[in-house]
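S.K.: what would the 3D arrangement of this be:
(3 chains)
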Amino acid sequence: MPILRRMIRLGLIFVLLTGRTLLCAQTAPVAVEYQLKAVFLFNFTKFVEWPADAFNSDQEPFVIGVLGGNPFGSYLEDVGAGEKVNGHPLVIKYFKTLDEVKSCHILFVNKAGITNLSDLLSAIKGRSILTVSDASDFLRSGGMVRFYINSNNKVQLQMNQDAAKTARLQISSKLLRLTDKYEPK
Amino acid sequence: MNSNPLEIILVEDNYSDAELALRALKEANVTNRIVHLKDGAEALDYIFGTGDGSNRKAVNTIGLILLDLKMPKVNGIEVLQKLKADEITRNIPVAVFTSSSEDPDVKECYRLNVNSYIIKPLDFIQLGHTIRNTGLYWLMINHLPDK
Amino acid sequence: MPFHDLPIQKKLMRASLLISGMVLFVTCTTFFTYEFFKSRQEVKEKLETLGKVISANSTAALAFDNPTDASEILSALKLEPHIESACLYNKEGILFAHYPDSVHLTSFPTKPAGEGYFFSQSFLDGFQPIVLGDKRLGTLYIKSDLSDIYDRFRLYFLITAGVIAVSFLLAYLLSVILQKNISLPVLALVETAKAISEHKDYSVRARKYNKDEVGLLIDAFNEMLVKIQEQNMTLSEFNTTLEQKVKTRTSELEIANKELESFSYSVSHDLRAPVRAINGFAAILERSHSDQLDKEGKEFLHTILREAGRMGHLIDDLLAFARLGKKEVQKTMVDMTTLAKETVDELLKLDSENNATKINVKTMAPALCDAVLVRQVFINLISNSLKFSHNKPDAFVEIGSLEEGGVVTYYVKDNGVGFDMRYYNKLFGVFQRLHSYEEFNGTGIGLAIVHRIVTRHGGHVRAEGKINEGAVFYFSLSSLIPVNH
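M.R.: Down below sits the predicted model:
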């Protein structure tokens, strides 16, 4: 299994990089953090409002897309199974390339699978897609929401409100309270 | 019988009564001199010697006065009053001899110290008895204080 | 003292105080109870609303697992000082955030319980589920301190008690004033009635205060007094007239008595004198001059004597009868048997003709009477009996007593000529005779005297008779039986 081995190796690298998460990661290396992130992704549907033209019809599904490799395993499906967002059935899609991203409302960009974030984000700029990633320079590159682990070892959110505004996404104030504001320098 | 020195004076205005009394005395064999005086005024004159100027009677010769009450001029009560008020005549026995049995007369007479109060009986025989008994009592039986 | 015996003043006072007290009590209690439950309801609703707001606000914090933010949200409760504590549980029921920081975690319920708010001793607490869409995110626990509202209730209670006390005092003062309106006229009426019954002064009038029923009563009372006064006036006028009449009659009677006295005096003095003269001179004529009269002349003289004697008796009896009216009755206890026996003896002594008559004096009850007068009764009745029976061969006279209906009655009974009951009404009249003088002598006054004496004793006299079979004369001396000892 060269892929798996590579993934484990990557994981180890990640662990080495993040240092203190090592102990947690060891028992459930990916699952705990991404399980939480999966839930968060789903929860965004409750605190973010999409413009009406984001959907062509009422029956059109609400799509949560994952680009650049799936770090969630099957958790995302577990969380979203049978759920609806404002009447739209929830669908999870996994994209390999940007070209595949056509109808999508939340796009999680796996930092591991993406090289040029800026290009990617400029490509979808103007579309009402909530872009989420755990890449450190995601917001600087024009992304909207970034997951990060704070000093308490908790998953925290950082948000680029201007980007969300540009995408005509309305972020609930409740959500805003929880997020760190990104201030472009 | 000897002539009795004492007189019996009968003061009576009624002729019939006086006549009957005198006859009764006579029939009772009373020997004393009997003087009949026809009313109170005459009696007072006879006894006290006033009025027509004749001398006063020697009082100690009067043994008994039989006195009628109802008389003209001076009635018996007045005579009795005068007799009993006078020191000299006070002791002369006075027997009121009357027809009246009415209380006021009796009481008044006794108040004036009458000696006897006798109601004249209607019956002549009884009248005689009464007069004789009265005379006998006062002249013979009764003893008067010395004069 | 039972309520219905209380004076009217107290009764009115108690009634008005009781009513106002009851009204106040019910009103205040209702108000207080309403306020109590309403306040609790309000507090509960307020807490529910607060819970909902907190819940809504804390959805994101729960959704994104952010206890810091949750704590921040809870800390907003600082603005509600009555919130003692609050906490959030996540969907697994694990304590997620709490307020205030100072409270120890153990003082919170370890697990969320059923939905809803409940009152306990001094606080209100409850659980509020936190839901986002149809997803349960967690539970809010919130606990409110009730000391505030209980303080308010205490204040309410004090105010209510104060209001009741003040109202009661006012009601008391008002009723003191108002009840006077009712009680004063009544009391005044009572006082007047009392004064009238004590002093018998009917000229007093009750004062009228109002035009109500009491006023009408007072009017009626006063009218009644007017009537009584009028009647009293009439009565006293009548009395005065009566007294005047009595005085007049008395003086008239006195005058009549005086006249009678002088009449009696005249009769005894002036009438007797001629009789005495006739009698006296006839007697002298008979005694001293009868030899000069022939037989017829002697007979005439005899008649003159007899009639003159009768005239004298008539005058004497008439005087005796007249005197009876004047004489006072002096009552003593009299042995009637002895009195009757003595009378019989005297009568027999006076007239030996009657010795042949059998006389039976029975033992009689004593009587309370005037002995002198009753002796006269016996004399008259017994002499009558002797007179009217001595012609009979076996003449008898019986004297006795019997009891008739509680009254002692004495009787004199004979078997003489008797009398005709048809002429009974003439029996006791003055100068009334049922026999001719030729048959039986007498003046016709004897029974009239008996009648007068018995009547003056308060007794009754009656007679029964039958021609040739005898007569019985009954008399009583008093309407009561004398006490026998």
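
S.K.: what about the closest residue to chain B within the stretch 351-485 of chain C, neighbour count?
M.R.: Chain B sits closest to C:T443 of the stretch 351-485 of chain C, with a gap of 13.6 Å, by Cβ to the nearest Cβ. Bear in mind the C-beta positions are built from the backbone N, C-alpha and C, glycine included. Residues lying near C:T443 (other Cβ atoms under 10 Å in any protein chain shown) number 21.

S.K.: and for B:V35?
M.R.: B:V35 has 18 nearby residues by other Cβ under 10 Å.

S.K.: just say helix, strand or coil for it.
M.R.: strand (DSSP: H, G, I helix; E, B strand; the rest coil).

S.K.: my read is that it contacts B:I9, right?
M.R.: Yes. Using Cβ atoms under 8 Å, B:V35 is in contact with B:I9, at 4.8 Å.

S.K.: and chain B, which of its residues are near chain C?
M.R.: B:14, B:16-17, B:19-20, B:23, B:69-70, B:98-102, B:104-105, B:120-125, B:127 (Cβ under 8 Å from any Cβ of the partner chain).

S.K.: hmm, 7 Å instead?
M.R.: B:14, B:16-17, B:20, B:23, B:70, B:99-102, B:120, B:122-125, B:127 (Cβ under 7 Å from any Cβ of the partner chain).

S.K.: quick one: which two of those residues are the most distant?
M.R.: B:R23 and B:E102 (26.9 Å; Cβ to Cβ).

S.K.: avg pLDDT for the strand or helix carrying B:G63?
M.R.: In the assignment (DSSP states H and E), B:G63 maps to strand B:62-67. For strand B:62-67, mean pLDDT is 90.

S.K.: strand partners of it, parallel vs antiparallel please.
M.R.: strand B:7-11 (parallel), strand B:94-98 (parallel) (DSSP bridges).

S.K.: in CSV: these, plus mean pLDDT and mean neighbour count.
M.R.: Shown next, in CSV, are these (pLDDT from 0 to 100; neighbours: other Cβ atoms under 10 Å in any protein chain shown):
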stretch, mean pLDDT, mean neighbour count
strand B:7-11, 91, 23
strand B:94-98, 90, 25
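
S.K.: tell me how many other residues crowd residue 37.
M.R.: I went with chain A, as the question did not name one. 19.

S.K.: please go with chain C instead
M.R.: For C:F37, using other Cβ under 10 Å, the count is 10.

S.K.: quick check: phi and psi at it.
M.R.: When quoted as degrees, to the nearest 10, the phi and psi of C:F37 stand at phi -70, psi -40.

S.K.: could you report the pLDDT at the closest residue to A:N70 other than its chain neighbours?
M.R.: Among residues not flanking A:N70 along the chain, A:Y94 sits closest, at 5.4 Å (Cβ to Cβ, 6 or more residues apart in numbering or on different chains). With respect to pLDDT, A:Y94 scores 90.

S.K.: direction included, what does the helix or strand harbouring A:Y94 pair against?
M.R.: Assigned by DSSP H and E, A:Y94 belongs to strand A:88-95. Strand pairing for strand A:88-95, using DSSP bridges, gives strand A:62-67 (parallel), strand A:84-85 (antiparallel).

S.K.: so C:I8 touches C:P185, yeah?
M.R.: No. If you go by Cβ atoms under 7 Å, C:I8 and C:P185 don't touch, sitting 10.4 Å apart.

S.K.: more neighbours: those two, which one.
M.R.: C:P185 (21 against 13).

S.K.: quick check: that one vs chain A, distance?
M.R.: 81 Å (Cβ to the nearest Cβ, to the nearest Å).

S.K.: and the helix or strand hosting that residue, what does it pack against?
M.R.: Assigned by DSSP H and E, C:P185 belongs to helix C:147-199. Packing partners of helix C:147-199 (3 or more Cβ pairs under 7 Å, 6 or more residues apart in numbering or on different chains; DSSP states H and E): helix C:8-57, helix C:213-266.

S.K.: in CSV: those, plus distance to C:Q330.
M.R.: As requested, those are exported to CSV (distance: least, Cβ to Cβ, whole Å):
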stretch, distance to C:Q330
helix C:8-57, 62
helix C:213-266, 19
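
S.K.: distance to chain B and mean pLDDT added to those, as TSV?
M.R.: Formatted as TSV, those follow (distance: least, Cβ to the nearest Cβ, whole Å; pLDDT from 0 to 100):
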stretch	distance to chain B	mean pLDDT
helix C:8-57	71	87
helix C:213-266	5	87
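
S.K.: need the contact list for C:F388.
M.R.: C:D414, C:G416, C:V417, C:F440 (Cβ atoms under 7 Å, 6 or more residues apart in numbering or on different chains).

S.K.: assign A:Y148 to helix, strand or coil.
M.R.: strand.

S.K.: chain neighbours aside, what residue packs nearest to it?
M.R.: A:Y148 sits nearest to A:Q156 (Cβ to Cβ, 6+ apart), 5.6 Å away.

S.K.: and the host helix or strand of that neighbour, what does it pack onto?
M.R.: Using DSSP H and E, A:Q156 sits within strand A:155-159. If you count contacts as 3+ Cβ pairs under 7 Å, 6+ apart, strand A:155-159 packs onto helix A:31-47, strand A:145-149, strand A:179-181.

S.K.: the longest one vs chain C: in contact?
M.R.: I take that to be helix A:31-47. Yes. Counting by Cβ under 7 Å from any Cβ, chain C is contacted by helix A:31-47 at A:L36, A:F40, A:N43, A:K46, A:F47.

S.K.: state the distance from the last one to chain B.
M.R.: Taking Cβ to the nearest Cβ as the measure, A:F47 falls 154 Å from chain B.
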